[in-house]
Each structure stands twice: as C-alpha cells, then as structure tokens.
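S.K.: sequence-free structure coming up:
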C-alpha cells in the first residue's frame, strides 16, 4: 500500500532508473572482489584484442575473427570498470558531456565493425571501423585523465 501511495503521489517515478538504482544497490561486492572482477575482465579484454590482432592474418576468415575478438575485447575492457564504480555510475559517466561523443562514436564503430565484417563482407571498412573504434576508445580513456586531451591536442598541433 505504501508503494502505491508513493507512486500515486509522485514520490517515485517507477521508471527504468528505479530498476537500475535497485540493481546498483543489489551489487554489494567487497572491494577485493571488485578488484578481482575488474582485473579478470580487463585482462580478458586485452587478451581478446591481442588474440584478434594475431589472428588477423589467417587466410579467408582472419578479418572476421579479428573484428569479433577486437570488439569483444573493447567491450570487456569497457565493462571492467563497472566492477570498480558500479553499473549505474559507469553509465552516467559514459554519458557525461565530456565523454558522450567519444562513447557514441566508439559504440557506433563497434557495431559498424561487426556489420562490415559479417553482413557487408568488406574487409577495408571493417579495418577502418576498428581503427576508428581504437581512436574513440583512446579519446574516451583520455577523458578520465585531467588535461590529457588538451595535451594530446597540443602535441598534434605542434606536429602539424
């Protein structure tokens, strides 16, 4: 009855944020468990990307295997931080104004990489989207380091 009263009075929105918030609160992992989860997920992501790069040169199926393993590696590396800060906070930081563009570009390039490898069967596009995925992921990661993006921009402006 209290739940119904809260919803009717407008104190609880009942939307998807409530579900995400409850999921975030339900994940009460100890710090050591969070670190283990982070390390395992991150290492799996890095190993998957490296394995995909090594298998790139397989004749016939190399690029498709590379696209899948590289994309899975990026997803694992990105998801690994959810162990440290929780899924809700991770999604909020991914959508923060300073990271939103890099996040969108990274996820779109990830989807386009898989489309180019499997549906369009275009190796050049798949490789291009992997490169763009890497650059967007790097730009996304630099947004967490204070003044790192400014330093990279200044470095490239000096080179040009």
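M.R.: Cool, the structure landed. Computed from a predicted model, the values in this text were never measured in an experiment.

S.K.: And stretch 33-51, what's buried?
M.R.: Neighbour counts over stretch 33-51 (16 or more other C-beta atoms under 10 Å) mark 34, 37-38, 41-42, 44-45, 48-49, 51 as buried. Heads up, the C-betas are built off the backbone N, CA and C, glycines and all.

S.K.: Kindly reformat those residues as TSV and extend each row with pLDDT and secondary structure.
M.R.: Below are those laid out as TSV (pLDDT from 0 to 100; DSSP: H, G, I helix; E, B strand; the rest coil):
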residue	pLDDT	secondary structure
34	88	helix
37	91	helix
38	91	helix
41	94	helix
42	92	helix
44	95	helix
45	93	helix
48	95	helix
49	91	helix
51	93	helix
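
S.K.: remind me which residues of the chain are low pLDDT?
M.R.: 1-27 (pLDDT under 70).

S.K.: and the one residue sitting closest to the centre of the chain, how far is that from residue 94?
M.R.: In the chain, the C-alpha nearest the mean C-alpha coordinate belongs to residue 78, at 3.6 Å (C-alpha atoms, centre = their mean). Using C-beta to C-beta, to the nearest Å, we find residue 78 at a distance of 8 Å from residue 94.

S.K.: Likewise for residue 159?
M.R.: Residue 159 is 30 Å from residue 94, by C-beta to C-beta.

S.K.: same check, this time on residue 45
M.R.: From residue 45 to residue 94 the distance is 16 Å (C-beta to C-beta).

S.K.: still on that earlier bit, and residue 159 and residue 94? which has more neighbours close in?
M.R.: Set side by side, residue 159 and residue 94 show more neighbours around residue 94, with 18 against 6, by other C-beta atoms under 10 Å.

S.K.: Just say helix, strand or coil for the residue nearest to that one when sequence neighbours are not counted.
M.R.: Nearest non-adjacent residue to residue 94, counting by C-beta to C-beta, 6 or more residues apart in numbering: residue 103, 4.7 Å away. Counting by DSSP: H, G, I helix; E, B strand; the rest coil, the backbone at residue 103 sits in helix.

S.K.: I'm done for today, thanks for sticking with me.
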